[in-house]
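In: I need the structure of the sequence given here:
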Amino acid sequence: MEIVDRILNGDVQAAARLMREFDSPATSFRDVITAIYAHTGQAQIVGITGSPGAGKSTLINCLIQEYRQKGLSIGAVVVDPTSPFSSGSLLGDRVRMQQHTNDDDVFIHSTTTCGSTGGLSRSVPGIVAIMDAMGKDIIFVESVGAGQVGVDIHHLVHTNLVVVTPAMGDDIQTLKAGILESAHILVLNKSDQSDTEATLQSLNMMVQLGTLSSESWRPVVIQTQATEHQGIVALKEQIKQHQKYLSTREISDHRTRGLLALILRERIVDVIDSQAHDQESWQPWVERVRQKKIDPYHAADEILKKIMKQF
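Out: You can find the predicted model right below:
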């Protein structure tokens, strides 16, 4: 298959064209991804997530600089939210990484959530696979500005960075039941602010008490000030330490199961969304629920059985 050969040889134009197909609802790419997937598994995939404005893109920009100094080839997938009103999106992350656009060994692809609620989109796993097959050494995946439940990225990456800021204050306590638990490394960015010490103590206490430890790896807190390139070397070293940790262990099926669940959920949601806009598709159940002949929970169960027959 010509396009696969071109991608395996690092052809950026061929890769970009296939990525655009992934961003569309079409399914014509599946034969291609089958051929590509056999050539994946060499890249280190690093996720960066956190609340809007925490400095995720600036951190990636700094990390790209550090890794490029070592001669490594870098991929970056950045996800921005899709407007629920206009379906548009401002791909601002790519603007913030403009300094790397002329570097042939840095490939940045911007995409949107397309309505997904977990911080990624249905296209991201495929885009990451393409970059992996191209021979990228490290692939950064920046999720959309995420809240407590934006944890899909945990199933896709090897090392997950959760970025917080001192300005979050009591929000740290709120987030600990969700996104903070997905962290392998906690990055306290903008650490020149006045509330830094209190936030640092709160994060370290959660780590020491085991609140955030969902596996034998205990999360580490790294302070950074990305706009000044401070703490980036220490962060890079901690990413390296987590990679060493992974290399000494038998990796379980947990990540793969989570990735499959993510893709399956997106496919099912796509079908539900398409049928929800079809006036005729669910009309029999709409009528029965309206007439109190069936409750909405049992109606949803029957609709789900109908949907599952399509797969």
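In: C-alpha only now, for contacts and for neighbours.
Out: Will do.
In: wait, Ser142 sits on Ser51?
Out: No Ser there; residue 142 is Glu. No. Contact criterion CA atoms under 8 Å: Glu142 and Ser51 do not qualify, at 11.3 Å.
In: Comparing the two, which shows the higher neighbour count?
Out: Glu142 (26 against 21; other CA atoms under 10 Å).
In: And the pLDDT at that one?
Out: On the pLDDT scale, Glu142 is placed at 91.
In: gap between it and Gly47?
Out: In this view, Glu142 and Gly47 are 6 Å apart by CA to CA, to the nearest Å.
In: Next: Glu302.
Out: As judged by CA to CA, Glu302 and Gly47 stand 38 Å apart.
In: Compare the two (neighbour count), which wins?
Out: A direct count of neighbours by other CA under 10 Å for Glu302 and Gly47 places Gly47 higher, at 25 against 12.
In: The more buried one: what secondary structure?
Out: With DSSP: H, G, I helix; E, B strand; the rest coil as the basis, Gly47 sits in strand.
In: Run a quick check on it versus Ile138, I expect a contact.
Out: No. At 10.6 Å, Gly47 does not count as touching Ile138 under the criterion of CA under 8 Å.
In: tell me which residues of whichever strand or helix holds Val289 are tucked away?
Out: Following DSSP states H and E, one finds Val289 within helix 283-290. Neighbour counts over helix 283-290 (16 or more other CA atoms under 10 Å) mark Trp285, Val286, Val289 as buried.
In: Need the residues you listed in JSON lines (columns: pLDDT and distance to His184).
Out: Listed next are the buried residues of helix 283-290 as JSON lines, based on pLDDT from 0 to 100; distance: CA to CA, whole Å:
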{"residue": "Trp285", "pLDDT": "93", "distance to His184": "45"}
{"residue": "Val286", "pLDDT": "93", "distance to His184": "45"}
{"residue": "Val289", "pLDDT": "95", "distance to His184": "46"}
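In: now the residues you listed in a markdown table, with distance to Gly258?
Out: Formatted as a markdown table, the buried residues of helix 283-290 follow (distance: CA to CA, whole Å):
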| residue | distance to Gly258 |
| --- | --- |
| Trp285 | 32 |
| Val286 | 33 |
| Val289 | 34 |
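In: and which of those residues is nearest Lys306?
Out: Using CA to CA, Trp285 is the member of those that sits closest to Lys306, with 11.7 Å.
In: Tell me who's in contact with the closest one.
Out: Under the criterion of CA atoms under 8 Å, 6 or more residues apart in numbering, the neighbours of Trp285 are Ala299.
In: now it: how far from Ile179?
Out: Applying CA to CA to Trp285 and Ile179 gives a distance of 37 Å.
In: just Gln193 next, same as before
Out: Counting by CA to CA, the gap from Gln193 to Ile179 is 23 Å.
In: Name the residue in these two with the higher neighbour count.
Out: Ile179 (24 against 12).
In: Which pLDDT value goes with that one?
Out: 72.
In: export stretch 228-237 as CSV, just CAs?
Out: Output in CSV follows, covering the C-alpha atoms of stretch 228-237 (Å, rounded to 0.1, in the frame of the first residue of the first chain):
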residue,chain,number,x,y,z
GLU,A,228,11.1,31.1,31.9
HIS,A,229,12.1,27.5,31.0
GLN,A,230,12.6,26.8,34.7
GLY,A,231,12.2,23.2,36.0
ILE,A,232,12.0,21.7,32.5
VAL,A,233,15.2,19.7,32.9
ALA,A,234,14.0,18.2,36.2
LEU,A,235,10.6,17.4,34.5
LYS,A,236,12.4,15.7,31.6
GLU,A,237,14.5,13.6,34.0
